[in-house]
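J.: I'd like to go over a predicted model; first the sequence, then the structure.
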Amino acid sequence: MTARLSTRRYSRVLSAIVIAALANPAFAQTKIAAPNNSYSVADDVKLGQEAAAEARKELPMLNDERVDDYVEDIGARLVAAIPAEFRHNEFRFTFDVVNQKEINAFALPGGPMFLNRGMMEAAKTEGEMAGVMAHEISHVALRHGTAQATKGQKFQIGAIAGQVLGAIVGGAAGSIISQGSQFGLGAYFLKYGREYETQADILGAQILARAGYDPREMANMFKTIEAEGGSSGPEWLSSHPNPGNRYNAINREAQSLRVQGNANTGQFATIKQRLGGMSAAYTAEQIAKGQASNKPVSTAGRAPVAVPAPSAQYRQYQPGNFLRLQVPANWTEIAENDGVTYAPEGGFVRSQNGRSAFTHGVQIGVMQGGSGNLERDTAQLLKTFAQGNPELRQVSNAVRERIGGKNGLTTRLSNVSEVTGEPETVLLSTAYLRDNNMLYVIGVSPSADARTYDATFRRVRQSMQISDR
């Protein structure tokens, strides 16, 4: 179910918690200074763009729009959280997913990042994956690649994309790409020592917290990488060596940071399930032998995403100063410009283009400027939602009930989920606030689970307390 409706003044009230959190800075965090660098920012951009173009030709991109949108959305949120002193307007951050099995990720000077599918599949949470991305973004923001080249002072920028790429991809594929390289330039640009790794760990933790992720997730991910790598260690660790006590150092830094809001998109389980339904990722050896393809990976026949059932325990929220409600304890609050959604892990999708959709859960919003006729305004609201949901159909007459102490209507609808392609049941409840502004509550669940969720949505509605006088 996709819901997109302007809520004006009430949307600002509903997102007040997030805004307040953003206004509170972290305390006593570690101060970082970018290392000396004799290259220009323009040099970073030129080098990164040339190497990125080569990477996209030589490596098998996943080319799955939904996965790409997901990674780009997280990347954009992290980039927006880079501290002002490390931002460079000339940098062009991009995020590509490589259809490669090995656990690896790398970011090029000036912003291009490449994340292996194997890294995404190894992560246990969205925060863990975001931790790797924040670490890589930190290398870019601190200009570690050209700072490292500054120490050597051997090379001129330009015409070196293949050599840089060859040294960072690693394994057989890297050696194929870097044929003809005399100096192993990537060792200067993207294989870092302990000092730079420590800086990227600390700044990465700070970026995570500013973006709305728990920085301890980064520490957890690095433990996961070490465990998954076996005796030889994964490729990522070969270019990002442990600077010593990495796990403890990140956790110490996390104690000085305040997580600003909640960045969790609720989409991680869905994306992991989608990747799991694809044909196997290529190995570095297959890539080196030319056996990899850049054609989009098929997801035909993938299993439905497993979303946990509503908890029997409930938690109270106050998304604005006029509303209180209770939702299952295993649902997360996701604040947006148009309202707030409560959904379980895997039940909410947010894409970079600003559209959001959810398959399980409750969404709350406000329509301003009603006519005073609840039936008429509810019908108008349905027309608005139908514009973004062409399969939306009303299947029963509206039922009158009390919602938050006010007279309201609840209407049952059917839809086809744009996320799963399966039938879903939608319950729309409406009630007037003051000045004929209309509160709406949308409950969405797969049609096969409607009986279970009907009871949950009823309890959520009955728990609502409205005080808008």
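T.: On my side now, so go ahead.
J.: nearest residue to the most centrally placed residue in the chain other than its sequence neighbours?
T.: Central residue of the chain (CA atoms, centre = their mean): I74, 3.5 Å from the mean position. With CB to CB, 6 or more residues apart in numbering as the criterion, I74 has its nearest non-adjacent residue at 5.5 Å, and that residue is A130. The C-beta positions use only the backbone N, C-alpha and C, and glycine is treated the same way.
J.: quick one: the one you found is in a helix?
T.: Yes. Using DSSP: H, G, I helix; E, B strand; the rest coil, the secondary structure at A130 is a helix.
J.: How many residues are close by it?
T.: 32 (other CB atoms under 10 Å).
J.: One more: Q313?
T.: 9.
J.: Next one: R87 from A263, what distance?
T.: Going from R87 to A263 by CB to CB, to the nearest Å gives 19 Å.
J.: Look at these two and report which has more neighbours.
T.: Legend: neighbour count by other CB under 10 Å for R87 and A263, higher for A263 (23 against 11).
J.: So the nearest residue to the more buried one once chain neighbours are set aside versus T265, what's the distance?
T.: Nearest residue to A263 in three dimensions, chain neighbours excluded: G212, at 3.1 Å (CB to CB, 6+ apart). Counting by CB to CB, the separation of G212 from T265 is 10 Å.
J.: quick one: low-confidence ranges for the stretch 201-350 of the chain?
T.: 229-241, 243-244, 295-305, 337-338, 350 (pLDDT under 70).
J.: Can you list the residue ranges for helices in it?
T.: 216-229, 235-239, 246-255, 268-276, 284-288 (DSSP state H, counting those that start in this stretch).
J.: E422 touches V444, doesn't it?
T.: No. Counting by CB atoms under 8 Å, E422 sits too far from V444 to count as a contact (11.9 Å).
J.: Looking at these two, which is more packed in?
T.: Using other CB under 10 Å, the more surrounded residue of E422 and V444 is V444, with 29 against 13.
J.: Can you classify the more buried one by secondary structure?
T.: V444 ends up strand, using three-state DSSP.
J.: Now do the contacts for it.
T.: M1, F358, T359, H360, G361, V362, Q363, N415, E424, T425, V426 (CB atoms under 8 Å, 6 or more residues apart in numbering).
J.: Read off the pLDDT value for it.
T.: At V444, the model reports a pLDDT of 95.
J.: for A20, same thing?
T.: pLDDT, A20: 35.
J.: okay but K223 is in contact with Y247, surely?
T.: Yes. Counting by CB under 8 Å, K223 does reach Y247; the two are 5.9 Å apart.
J.: okay, the two: which has more neighbours?
T.: Y247 (16 against 12).
J.: The nearest residue to that one once chain neighbours are set aside and N248, how far apart?
T.: Excluding the flanking residues, the one nearest Y247 by CB to CB, 6+ apart is A219, at 4.7 Å. Counting by CB to CB, the gap from A219 to N248 is 8 Å.
J.: just S138 next, same as before
T.: Taking CB to CB, one finds S138 at 19 Å from N248.
J.: Which secondary structure elements does the helix or strand harbouring A134 sit against?
T.: A134 belongs to helix 126-141 when elements are defined using DSSP states H and E. Applying 3 or more CB pairs under 8 Å, 6 or more residues apart in numbering; DSSP states H and E, one finds that helix 126-141 contacts helix 65-80, strand 105-107, strand 112-116, helix 117-122, helix 194-211, helix 216-229.
J.: For the stretch 351-469 of the chain, give me the ranges with low pLDDT.
T.: Using pLDDT under 70, the stretch 351-469 of the chain drops low at 351-356, 469.
J.: can you give me the helices for it?
T.: Under DSSP H, counting those that start in this stretch, the stretch 351-469 of the chain gives helices at 374-388, 450-463.
J.: mind listing what's buried in the last one?
T.: Right, the one you point to is helix 450-463. Within helix 450-463, the residues that qualify as buried are A450, Y453, T456, F457, V460, R461, counting by 16 or more other CB atoms under 10 Å.
J.: Same question for the longest one.
T.: Across helix 374-388, burial judged by 16+ other CB under 10 Å covers L374, D377, T378, L381, L382, F385.
J.: Return the distance of stretch 256-270 from the chain's centre.
T.: Relative to its chain's centre, stretch 256-270 lies at 8 Å (CA atoms, centre = their mean, to the nearest Å).
J.: Can you give me the end-to-end span of that stretch?
T.: 32 Å (CA to CA, to the nearest Å).
J.: List the buried residues in it.
T.: Quick answer for stretch 256-270 (16+ other CB under 10 Å): 257, 259-270.
J.: List just the nearest of the residues you listed to Q318.
T.: Nearest to Q318, judged by CB to CB, of the buried residues of stretch 256-270 is N262 at 15.0 Å.
J.: Hmm, that closest one is touching I334, no?
T.: Yes. In this structure, N262 is within contact of I334 by CB under 8 Å, at 7.0 Å.
J.: ok, back up a step: of the helices of the stretch 201-350 of the chain, which is nearest I403?
T.: Going by CB to CB, the one of the helices of the stretch 201-350 of the chain nearest I403 is helix 268-276, 30.1 Å.
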